[in-house]
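> this one's structure only:
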């Protein structure tokens, strides 16, 4: 923190504000803040850890806004939240033990599938539909996504939103609201694990958290006001943006694989 110039810190806080706005609506804010932190000279592990702490504040801000608006039913989320907590804890603990390269192959494919679903699939509205499974069964899905969020992270918000729409039959705005509560749980558990390893830059994270808080409030209000008209296209754009970001890395194993096929 002491080695960063004031204007760099200010730019990081601005990046956090934009990320908080995007994250509250469609997820994927980490694609803005993590590269910004690394570009500022923060080591990758500390960048991810610090991103988690400031992202938690933005997600908490959005969760609070949605809850105040009556959009989150925490009783219905009892089992999913418990499963997310356990899954995220296991995922964060496993990240140092398991090779993540296979995720870099699978993740872009999954994100493209999500973008195509929201772009070409049945039109997602604010009307709740028939739930295919109950909250207890959905807990296993939420726990799996929580494990992924603790283990890796990008796209978790999109996965939560899609599963809530498809499996619990929630309207898109309500699914977005419940996504924030689940995402907050997995973020907080990840922060606890990473902080125990001494990777969090607390002062920088606190400065960026101010931007995340403001962005999260603004994003939640925009989602409540505009609903699927805003959420649906942003989910598509953010999902495809994450794919582009992942494949922009020349060392990405999927990119290397595709280049080998085309050679």
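Yep, it's here. Predicted model only: the values in this text are computed from it and were never measured.
> now do the strand or helix carrying residue 194: which elements does it pack against?
Using DSSP states H and E, residue 194 maps to helix 172-196. Packing contacts for helix 172-196, counted by 3 or more CB pairs under 8 Å, 6 or more residues apart in numbering; DSSP states H and E, involve helix 6-26, helix 44-68, helix 78-94, helix 135-151, helix 156-167, helix 202-226, helix 228-247. Yep, even glycine has a C-beta here, placed from its N, CA and C like the rest.
> buried residues, it. List them.
For helix 172-196, burial by neighbour count (16 or more other CB atoms under 10 Å) applies to 172-191, 193-194.
> then stretch 223-233?
Within stretch 223-233, the residues scored as buried using 16+ other CB under 10 Å are 223-224, 227-228, 230-232.
> also stretch 6-17?
For stretch 6-17, the neighbour count (16+ other CB under 10 Å) marks 9, 12-13, 15-17 as buried.
> I'd like to know which elements the helix or strand of the chain with the lowest mean pLDDT is packed against.
Lowest by mean pLDDT, DSSP states H and E among the helices and strands of the chain is helix 101-120, with a mean of 73. For helix 101-120, the contact count by 3+ CB pairs under 8 Å, 6+ apart identifies helix 156-167, helix 228-247, helix 253-262 as packing neighbours.
> residue 131 touches residue 165, doesn't it?
No - applying CB atoms under 8 Å, one finds residue 131 not in contact with residue 165, separated by 10.5 Å.
> pick out whichever of the two has more residues nearby.
Neighbour count, other CB atoms under 10 Å: between residue 131 and residue 165, residue 165 has more, with 25 against 16.
> leaving out sequence neighbours, find the closest residue to residue 205.
Leaving aside its sequence neighbours, residue 205 sits nearest to residue 53 (CB to CB, 6 or more residues apart in numbering; 3.9 Å).
> hmm, I was thinking of residue 170
In space, residue 170 is closest to residue 164, 4.7 Å off (CB to CB, 6+ apart).
> for the one you found, give me its contacts.
Contacts of residue 164 were listed using CB atoms under 8 Å, 6 or more residues apart in numbering, and they are 170, 174-175, 178-179.
> pick the one among the residues you listed closest to residue 249.
residue 179 (26.5 Å; CB to CB).
> quick one, what contacts the closest one?
Contacts of residue 179 (CB under 8 Å, 6+ apart): 27, 157, 160-161, 164.
> format those residues as TSV; extra columns: pLDDT and distance to residue 35.
Listed next are the contacts of residue 179 as TSV, based on pLDDT from 0 to 100; distance: CB to CB, whole Å:
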residue	pLDDT	distance to residue 35
27	70	16
157	81	17
160	91	22
161	87	23
164	93	28
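> are any of these buried, and which?
If we count by 16+ other CB under 10 Å, the contacts of residue 179 have these buried: 27, 157, 160-161, 164.
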